[in-house]
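Enquirer: Build me a model:
(one chain, ligands or ions: 1)
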Amino acid sequence: MSMIDVKVAAVEQVTPLVKHFTFVRQDGLAFPAFSGGSHVVVSMNVGGRVFRNPYSLMGSPADTSAYHISVRKQEHSRGGSLFMHESIEVGSSLQITYPVNLFALAKKAHKHILIAGGIGITPFMSQLFDLHRLNANFELHYAYRSPEHGAFADQLKASYGSQLRCYTDSQGGRIDLLALLSKQPLGTHVYVCGPNPMVVAVIETAKNLGWPDNTIHSEQFLSPGVGEPFKIHLKKSEIEVHVPADMSMLEAIELAGVEADYLCRGGVCGRCEVDVLESDGALLHHDHFLTDAEKASGKKIMPCVSRARCQKLVLDL
Ligand code: FES
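Expert: Sure, this is the predicted structure:
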């Protein structure tokens, strides 16, 4: 996968847990154009181990002189977010992928309802530039746990005023999804990014109210997590790969020198899908991409987030 060499031009502590990073290109050129909702994958070398984490681009898509991301320090970080918080400073060098948009605004929507929870605000930051520029009809509903954790809330209030509604959990603020989604005009699209219960609640509420599937948009990249170690055999490459407890299958495959496709590294896009040729145990599917029937068939797996509990697992790679 081709990468862009970047230098960190600015770092800002936004909340006790969130840092904002500004990247410029090492070669001094402009970055590729992107649309609101796009993400890049940041590649980090942490003591010889490479972490590749997806982060939403937050700046204005009209400005390609710099890219902006924000990183929440994860309580159970495997290393990536901790590294960004503790080791990356102004002048640090990193590599990033070209931007990809898996959470694009629907161009034909008559109205857009954006629902963000915590760090889930990040993909909306660039979408808001697009919506504002297009003079689109939109509302942003932003929930966070306490005032000091409302990243960018003041900036959003100053820019979008009456189109923004904030909900602070510690002050009893809650989004009444049923009330919000039942009163929208035909042609409205809803977008949600945040913790899993919020994403599930928005999708279920919208579906129960009869919103068509193509008007419900969500982004929720999963973390690879940890699990029991296991072994895989890569048929085409003719090698055996050990997958340690704290490494994803995809990371172990890359570490073994085998190139594998990916876009999101979070179980959403489907790009890393691999055929399972043989297995003698359970495939532990964690992705949001395969259907239940595909998962039950045992013939495919998404190595960016899924694991296995078996003695023998042969992949078509
Ligand atoms: S890379 Fe997107 S599902 Fe695995």
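
Enquirer: Need the nearest residue in space to the closest residue to the ligand within the stretch 1-150 of the chain, chain neighbours excluded.
Expert: Proximity of the stretch 1-150 of the chain to the ligand (C-beta to the nearest ligand atom) peaks at residue 102, 8.2 Å away. Placement of C-beta: from N, CA and C, glycine included. Using C-beta to C-beta, 6 or more residues apart in numbering and skipping residues adjacent in sequence, the residue nearest residue 102 is residue 269, 5.5 Å away.

Enquirer: One more: residue 1?
Expert: Among residues not flanking residue 1 along the chain, residue 97 sits closest, at 6.0 Å (C-beta to C-beta, 6+ apart).

Enquirer: Surely the one you found is in contact with residue 34?
Expert: No. Using C-beta atoms under 8 Å, residue 97 is not in contact with residue 34, being 11.5 Å away.

Enquirer: near the ligand, which residues of the stretch 151-300 of the chain show up?
Expert: Neighbours of the ligand within the stretch 151-300 of the chain, by C-beta under 6 Å from any ligand atom: 262-265, 267-272, 287, 289.

Enquirer: What is the burial count for residue 18?
Expert: Number of residues near residue 18 (other C-beta atoms under 10 Å) recorded here: 21.

Enquirer: Outline the domain layout of the chain.
Expert: Residue ranges for the domains of the chain, per automatic domain parsing: 3-101, 111-219, 230-315.

Enquirer: Quick one: mean pLDDT over the second one.
Expert: The predicted model assigns domain 111-219 a mean pLDDT of 97.

Enquirer: Just checking the distance from that domain to the centre of its chain.
Expert: Distance of domain 111-219 from the chain centroid (C-alpha atoms, centre = their mean, to the nearest Å) equals 16 Å.

Enquirer: residues in contact with the residue nearest to residue 1?
Expert: For residue 97, the contacting residues are 1-4, 40-41, 43, by C-beta atoms under 8 Å, 6 or more residues apart in numbering.

Enquirer: Now go through those and say which are in helices.
Expert: Members of these lying in helices (criterion: DSSP state H): none.

Enquirer: Serialize those residues to TSV and add fields for distance to residue 238.
Expert: Output for those, formatted as TSV (distance: C-beta to C-beta, whole Å):
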residue	distance to residue 238
1	23
2	27
3	27
4	33
40	33
41	28
43	27
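
Enquirer: Which of the residues you listed has the largest number of neighbours?
Expert: residue 40 leads the contacts of residue 97 on contacts (other C-beta under 10 Å) with 25 neighbours.

Enquirer: hang on, isn't that residue packed against residue 67?
Expert: Yes. Using C-beta under 8 Å, residue 40 is in contact with residue 67, at 6.8 Å.

Enquirer: Are there residues contacting both of these two? Which ones?
Expert: Common neighbours of residue 40 and residue 67 (C-beta under 8 Å, 6+ apart) are 57, 96, 99.

Enquirer: center of this structure, which residue is that?
Expert: Nearest to the mean C-alpha position of the chain, by C-alpha atoms, centre = their mean, lies residue 221 at 3.9 Å.

Enquirer: if I pick the closest residue to it other than its chain neighbours, what's in contact with it?
Expert: Sequence neighbours aside, residue 266 is the residue nearest to residue 221 in space, at 2.7 Å (criterion: C-beta to C-beta, 6+ apart). Shown in contact with residue 266 (C-beta under 8 Å, 6+ apart): 54, 220-223, 304-305.

Enquirer: try it again with 10 Å
Expert: Listed by C-beta atoms under 10 Å, 6 or more residues apart in numbering, the contact set of residue 266 reads 39, 41, 53-54, 102, 219-224, 286-289, 302, 304-305.

Enquirer: And stretch 156-174, what's buried?
Expert: Within stretch 156-174, the residues scored as buried using 16 or more other C-beta atoms under 10 Å are 156, 160, 163-164, 166-168.

Enquirer: Relative to the ligand, which of the residues you listed is nearest.
Expert: Closest to the ligand, out of all of the buried residues of stretch 156-174 and judged by C-beta to the nearest ligand atom, is residue 156, at 28.9 Å.

Enquirer: Can you read off the pLDDT for the residue in the stretch 101-250 of the chain that the ligand sits nearest to?
Expert: Nearest to the ligand, among the residues of the stretch 101-250 of the chain, is residue 250, at 6.8 Å (C-beta to the nearest ligand atom). Predicted confidence (pLDDT) for residue 250: 97.

Enquirer: now the one 3 residues further on
Expert: Here the pLDDT value assigned to residue 253 is 97.

Enquirer: Mind checking the pLDDT average for stretch 287-294?
Expert: On average, stretch 287-294 scores 96.

Enquirer: gap between the two ends of that stretch?
Expert: End-to-end distance of stretch 287-294 (C-alpha to C-alpha, to the nearest Å): 11 Å.

Enquirer: With stretch 165-177 instead?
Expert: 13 Å.

Enquirer: what sits up against that stretch?
Expert: Taking C-beta under 10 Å, 6+ apart as the rule, stretch 165-177 contacts 115-118, 139-150, 153-154, 156-157, 180-182, 190, 192, 198, 201-202, 204-206, 208-209.
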